[in-house]
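S.K.: sequence first, then the predicted structure, then my questions.
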2 protein chains.
Amino acid sequence: MNSCMRAWTTLILLLATIGYASPSRAEDGYELWLRYHPLPATQAAHYRSDVSELVASAATPTQAATRRELQRGLDGLLGQPLPLSDEVSHDGALIVGTPRSSALIARLRLPMQDIGNEGYVIRSVTVNGHTATAIAAQTDVGALYGAFHFLRLLQTTQPVEHLDVRETPRVKLRVLDHWDYLNGQVERGYAGASIWDWWKLPDWRAPRYTDYARANASIGINGTVLNNVNAGATILTPAYLPKVAALADVFRPYGIKVYLSIRFSAPIEIGGLKTADPLDPQVQAWWRAKANEIYQLIPDFGGFLVKANSEGQPGPEDYHRTHAEGANMLADALAPHGGVVMWRAFVYSQKNPEDRAKQAYDAFKPLDGRFRANVLVQVKNGPIDFQPREPFHPLFGAMPKTSLMMEFEITKEYLGFATHLVYLGPLFEEVLSADTMTRGKGSTVAKVIDGSLDGRVLTGMAGDANIGTDRNWCGSDFNQANWYVFGRLAWNPMQSSRNIAEDWVRMTFTNDAAFVKPVVDMMMGSREAAVDYMTPLGLVHLMGPGHHYGPAPWDASETEADWRPVYYHRADAHGIGFDRTRSGSDAVAQYAPPLAAEFNDITQTPERYLLYFHHVPWNYRMRSGQTLWYELVAHYTHGVENVKQMQATWRRLDGYIDAERYRQVAAFLAIQAKEAQWWRDACIAYFRSVSGLPLPPGYAPPQHSLQYYQSLSFPYVPGFSSW
Amino acid sequence: MNSCMRAWTTLILLLATIGYASPSRAEDGYELWLRYHPLPATQAAHYRSDVSELVASAATPTQAATRRELQRGLDGLLGQPLPLSDEVSHDGALIVGTPRSSALIARLRLPMQDIGNEGYVIRSVTVNGHTATAIAAQTDVGALYGAFHFLRLLQTTQPVEHLDVRETPRVKLRVLDHWDYLNGQVERGYAGASIWDWWKLPDWRAPRYTDYARANASIGINGTVLNNVNAGATILTPAYLPKVAALADVFRPYGIKVYLSIRFSAPIEIGGLKTADPLDPQVQAWWRAKANEIYQLIPDFGGFLVKANSEGQPGPEDYHRTHAEGANMLADALAPHGGVVMWRAFVYSQKNPEDRAKQAYDAFKPLDGRFRANVLVQVKNGPIDFQPREPFHPLFGAMPKTSLMMEFEITKEYLGFATHLVYLGPLFEEVLSADTMTRGKGSTVAKVIDGSLDGRVLTGMAGDANIGTDRNWCGSDFNQANWYVFGRLAWNPMQSSRNIAEDWVRMTFTNDAAFVKPVVDMMMGSREAAVDYMTPLGLVHLMGPGHHYGPAPWDASETEADWRPVYYHRADAHGIGFDRTRSGSDAVAQYAPPLAAEFNDITQTPERYLLYFHHVPWNYRMRSGQTLWYELVAHYTHGVENVKQMQATWRRLDGYIDAERYRQVAAFLAIQAKEAQWWRDACIAYFRSVSGLPLPPGYAPPQHSLQYYQSLSFPYVPGFSSW
């Protein structure tokens, strides 16, 4: 054996050692879309000439985090350590910083006038005769966002030679709302328990908190509400605020502020006061003192999220004060410190006989202009409650003098929990691109949210998080896409959810086109499939009572009328649907006149909203020429078939990705197929019993009797608050 | 560049690629003691000549699991793939199997007469003139256990050239009891939620279930009770039994049977009967039918665990039947299928004015000989409830005609939850090596448990699991040692807990002697430290009410007398301690006469049990010559100092292991130091207020006032059932 051979042998042994060092390291989804696994050799080799050294300082925590992320990402993707350098010494330098942190960046005089505090520029430049790429911003956080953008270009194998990127977020507050209780439970959570280990905080700061911050920063999320909107007062006590501060410390380098959900009656519960009346000077003083106490610990604290006078929560109406008076009192306490109030518009009363869909508008529209400048009114995307499909909320566009914040639900409370593959991008996009017509054609919801329609400065978008202690964060690999698309759309609500899905698939799985295309197609069709097998043609809220698992269109067990499926579908022998026309509840009147007219007219109403706005005879002729009953059965059936097609697609994709994630997706699709069938069969069995109509020819009857579906019960449904 | 150089360059790049492939892969404790990371090069090279090929069939699921584990382990440890072979082709073959599965093993005629169904032989042999190692057993599972033993030898760098190992478990049922509720909560769990994802079972069998089975099999655990002893009836319904069966399917190849905790009144709750009277023929028939139903799904189902007539659970006494009548009724239903009943002796009644320590003995001793052959009575290690220290339970040795099963608590309900570093090996060993004297000297608890003292065939040891969804399984890295030592001692209760600790440290962290020795020393002293800073000198149950977090010796808030710390310590101006002598509750009489005499006599009672058996004046002279009050303060103080020494030891060990686990241990030790100080200060403050005595000179006063400690309250304590 010559020396070369010996060297080979040694190296091969060494390789084997490394290869087998961690035999149990399976792909478990923990890395999310920040996997940074090595790119294919030719691609990596190509990029290695584009990126050959890193010029980035680490003088602040955010700069250090940025440099660490670029090293981690580029080392991983390119398969070799990226040298750090103080200067541009040869072609392929990557220069990162702000005019203040980097003399090199300052000298480049990049066009950064209007990019704001969070924007960035990425540009191919020449420095000392060498090609280089500059990631520049006005702030450290802007540069961090730019670094993640640059990494994404490599992760998705886009060219980086001639870059001229300029990005500024269109929405100011991009926030995750965690519905986490302090006992570890997550309301409507399907991914395990709360990731906040309150018990061990502030002493133990789990490394996962940093990975959470990295993931959020990578998609531009800049705020997190740590606790459930159904809030207790404990989070505001001296025992808990240092725990909150510890999390804030971890998140700060990543540009993420913490917010808290507060209990409006906290001055009574932990303040020893007799009232929480927002006009009471003692109450006002208590909140001011509490705000001071918080800001002492957390100088960049974001503010409060408030669910008041809704579903049993206390609020200003307990004292005959308005929502505006309640919100403003808190806003005044936070204003000196720069904090905001996010005040939820999701209010309704079961004592109010009015159509539930109308109540939030009725309550808030008259308050337009009455809120302080640092208040946002947080409005759910639709007037009911995060249904598979509902029309956009009529408040959007209706309160031009108020900052309206979008609330999307990322966790799939009504869309199949952890296991159903339902990509929410199309749902979000459908809402954001909806035209409110409030200032004429083109007055989209997105323009309300980004403030451009009414010239609002304080803007925001909230997503109710789907994150828990499950190793893969979100309960399933595909649920990660919903966190991802929320962040990307919050940054820029005008984006295409398909493009975002493609980025996500490439970063999360592979760049192989034979995988990317069918998976993106599958994702893009998945939400419509769920609408079809759950609540087609404008139906809403047919889910099981309370826990919202599975079909229960027959259910009238809830104490409150508007928690009952029968309230929403109103099916009887003649027809089905909720009459919200002028002759019905007149909810249509809450929309701008052209839309009101459209929704009021059964022939103009888009069929996807048909039964939301109209009570329609079973034999009504649809645009297809078939009856409503036929179309209903056809939609349900089509939903099931669509899931079976997803299964078939996935079967063809075996081998493109790791076995671990492949198998879990396959297992979950099997659950989805079973449950889609259940949804279809149970709903058809019930509606058939109400309509008295036979199944259209060619359609299979339900597998079981209606009585069977009605007999099912589900103890221990995850995410339901009655643990 | 010549071709050799080019090859080098390519390989170095390739190496870099692999090295950087998974930059986020931190050591997170998931791998437990089965890490299989590469051994140091010289050690690995040495072993590579001992183990050069693997001759093992994979014709059954257990054989396949065994071969997979050996490949995974040896590939990892030795740094290269181990070739499979059908024959011994050169020196260093590893031959695995049973006489039935392997002709090679059959031909070796190894001495396996008495090793039983789970024993194994590992022997260095010569085959066809080649050196080889045989792992042989009568059953596949025996061979699996042998494979884990062999792997352990390599993991702990012991020689494997001249092996002659022969192992048989001394205890038949080696069982983990999970106190998991079906809603995901774990009672007294400090490691996250339940690892059983009941919701997605049976459709989704998480890979973690297999890793759970591997870990258990590696230490000989052969049974698992999936649900809490405070059981509902739901687990026995047709909706849940297939979920149980799915877990049984995953565990079966690893020799692990599933058991269920059952609710004694299930015939009423899910059977529609009016009674659960064990002598009612309908009730008996219901349980027989239920057993048949279970065994149809799970042919090797283990049996039932029952908590009856204890802490609110229903039981036979509700119908004026004895525990034996209740247990036998279930035993008769299981017997045709080979199942057993594990019937808990942890019963006490708050209506009974008798010393709580005496009640289990009083209830069960008279029933000796009345239980069916397939019933085990499961007895906690001490008469109170898993305290940091208490004497062994007087039932051990007192029921020679009954199979008594040991119940240890692995989860640290009373020993610092997740964060305190307390190795329970010495506690377990102290109990097992305690001499009951019931058949003269040497009648140790271990001999009761392994059946040798009274010639019992059905034997068992149960451990209340400390396992949850935390990534490291047990809430802390060092808590893994408690799972580990439980399994090893269940296999052989005569073993040294120090030796087991050393194995664990080597497998879990490193074989570096400079690390192993101080860490084993630290572990071995850790339980005594906890006794000192919590409940020294025979004190018990001073913990906070209900949740058992922190010190509350003053507490009398519990509704029931014997849940109150003041019930246990009985401190007053004159002295402290519970008089259990003949002139007191006479609990001493439950022990064998020589022990009863010893415990009855304050001068003979070991000081570690002093206040458990005696009410002692504060100025009583201890063996040290100091007063009891002085010694009490000294013990509390010593406990705190001991934790500080653990911190100092750990500081010196930085760099020997990965940064991730190092940092978490350091953070948890800091919490432990803080809480040890709190325990000491609060207890001294309280006992000082009762005794009226000044602090002994040289001892620091408590940091805060007694009122301060009494004012503390703890919402959301983990593991407490009132979520």
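M.R.: Nice, thanks for sending it over. Residues are numbered from 1 along each chain as shown, chains lettered A, B, ... in the order given.

S.K.: in contact with A:Lys274, which residues?
M.R.: A:Ile268 (CB atoms under 8 Å, 6 or more residues apart in numbering or on different chains). C-betas here are computed from N, CA, C, even on glycine.

S.K.: one more: A:His614?
M.R.: Each residue near A:His614 by CB under 8 Å, 6+ apart is listed here: A:577-581, A:584, A:602, A:605.

S.K.: rerun that using 7 Å as the cut-off
M.R.: A:His614 is in contact with A:577, A:579, A:581, A:602, A:605, counting by CB atoms under 7 Å, 6 or more residues apart in numbering or on different chains.

S.K.: from chain B, how far off is the second one?
M.R.: Taken as CB to the nearest CB, to the nearest Å, the spacing of A:Asp579 relative to chain B amounts to 38 Å.

S.K.: which non-adjacent residue is nearest that residue?
M.R.: A:His615 (4.3 Å; CB to CB, 6 or more residues apart in numbering or on different chains).

S.K.: which parts of the stretch 101-250 of chain A sit against chain B?
M.R.: Contact residues (CB under 7 Å from any CB of the partner chain) of the stretch 101-250 of chain A with chain B: A:182-183, A:192-193, A:198-200, A:203-204, A:207, A:234.

S.K.: nearest to B:Tyr533, out of the residues you listed: which one, please.
M.R.: Nearest to B:Tyr533 among these: A:Asp203, at 17.6 Å, using CB to CB.

S.K.: contacts only, for that closest one.
M.R.: B:667, B:670-671 are the contacts of A:Asp203 under CB under 7 Å, 6+ apart.

S.K.: same thing but at 6 Å, please
M.R.: A:Asp203 makes contact with B:Ile671 under the criterion CB atoms under 6 Å, 6 or more residues apart in numbering or on different chains.

S.K.: local confidence estimate at it?
M.R.: On pLDDT, A:Asp203 comes in at 98.

S.K.: and it, how far from A:Tyr212?
M.R.: Applying CB to CB, to the nearest Å, the value for A:Asp203 to A:Tyr212 is 18 Å.

S.K.: next one: A:Trp629
M.R.: Distance of A:Trp629 to A:Tyr212, given as CB to CB: 48 Å.

S.K.: what of A:Tyr549?
M.R.: From A:Tyr549 to A:Tyr212 the distance is 27 Å (CB to CB).

S.K.: neighbour count winner among the two?
M.R.: More crowded of A:Tyr549 and A:Tyr212, by other CB atoms under 10 Å in any protein chain shown: A:Tyr212, with 25 against 21.

S.K.: assign the residue lying closest to that one once chain neighbours are set aside to helix, strand or coil.
M.R.: Leaving aside its chain neighbours, A:Tyr212 sits nearest to A:Ile195 (6.6 Å; criterion: CB to CB, 6+ apart). Classification of A:Ile195 by DSSP: H, G, I helix; E, B strand; the rest coil places it in coil.

S.K.: count of residues packed around A:Ile195?
M.R.: Neighbours of A:Ile195 using other CB under 10 Å come to 22.

S.K.: just to revisit the earlier point, okay if I get the contacts of A:His614 as a markdown table plus neighbour count, pLDDT and distance to A:Ala291?
M.R.: Supplementary listing: the contacts of A:His614 in a markdown table, determined by neighbours: other CB atoms under 10 Å in any protein chain shown; pLDDT from 0 to 100; distance: CB to CB, whole Å:
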| residue | neighbour count | pLDDT | distance to A:Ala291 |
| --- | --- | --- | --- |
| A:Gly577 | 24 | 98 | 48 |
| A:Asp579 | 19 | 98 | 47 |
| A:Thr581 | 20 | 98 | 47 |
| A:Ile602 | 15 | 98 | 52 |
| A:Thr605 | 21 | 98 | 47 |
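
S.K.: thought A:Gly79 was touching A:Thr42?
M.R.: No: contact criterion CB atoms under 6 Å: A:Gly79 and A:Thr42 do not qualify, at 11.8 Å.

S.K.: and the helices in the stretch 451-600 of chain A?
M.R.: For the stretch 451-600 of chain A, the helices defined by DSSP state H, counting those that start in this stretch cover A:480-491, A:497-508, A:513-534, A:565-569, A:593-600.

S.K.: follow-up on the earlier one: from the residues of the stretch 101-250 of chain A next to chain B, list the buried ones, please.
M.R.: For those, a burial check counting by 16 or more other CB atoms under 10 Å in any protein chain shown picks out A:182-183, A:192-193, A:198-200, A:203-204, A:234.

S.K.: returning to that earlier point: just the helices of the stretch 451-600 of chain A: most buried one?
M.R.: The highest mean neighbour count among these, using mean count of other CB atoms under 10 Å in any protein chain shown, belongs to helix A:480-491: a mean of 26.

S.K.: so which elements touch that one?
M.R.: helix A:497-508 (3 or more CB pairs under 6 Å, 6 or more residues apart in numbering or on different chains; DSSP states H and E).

S.K.: chain center to the helix it packs on, what's the gap?
M.R.: Centroid separation for helix A:497-508 versus its chain: 15 Å, with CA atoms, centre = their mean, to the nearest Å.

S.K.: equivalent analysis for stretch A:482-501, please.
M.R.: The answer for stretch A:482-501 is 9 Å, by CA atoms, centre = their mean.

S.K.: same check on stretch A:59-74?
M.R.: 26 Å.

S.K.: quick one: is it near chain B?
M.R.: Yes: against chain B, stretch A:59-74 shows contacts by CB under 6 Å from any CB of the partner chain at A:Arg72.

S.K.: which residues sit against that stretch?
M.R.: Applying CB under 6 Å, 6+ apart, the set of residues contacting stretch A:59-74 is A:36, A:51, A:56-58, A:82, A:140-141, A:143-144, A:147, A:151, A:253, B:23.

S.K.: which positions in that stretch come out as buried?
M.R.: Buried positions in stretch A:59-74, judged by neighbour count with 16+ other CB under 10 Å: A:62-63, A:65-74.

S.K.: of the residues you listed, which is the nearest to A:Ile262?
M.R.: Within those, proximity to A:Ile262 (CB to CB) peaks at A:Thr62, which comes in at 28.2 Å.

S.K.: mind listing what the residue nearest to that closest one when sequence neighbours are not counted touches?
M.R.: Once flanking residues are discounted, A:Thr62 sits nearest to A:Asp140: 3.7 Å by CB to CB, 6+ apart. The neighbours of A:Asp140, taking CB under 6 Å, 6+ apart as the test, are A:60, A:62-63.

S.K.: among those, which are in helices?
M.R.: A:62-63 (DSSP state H).

S.K.: A:Trp33 and A:Val347, how far apart?
M.R.: Separation of A:Trp33 from A:Val347 (CB to CB) stands at 36 Å.

S.K.: also A:Val88?
M.R.: Distance of A:Val88 to A:Val347, computed by CB to CB: 58 Å.

S.K.: what of A:Ser218?
M.R.: 34 Å.

S.K.: neighbour-wise, which of the two wins?
M.R.: A:Ser218 (25 against 21).

S.K.: so the more buried one sits right up against A:Ala147, yeah?
M.R.: No: A:Ser218 lies out of contact with A:Ala147 (CB under 6 Å); the separation is 9.1 Å.

S.K.: what does the stretch 451-600 of chain A have sitting close to chain B?
M.R.: Residues of the stretch 451-600 of chain A lying close to chain B by CB under 6 Å from any CB are A:Thr469.
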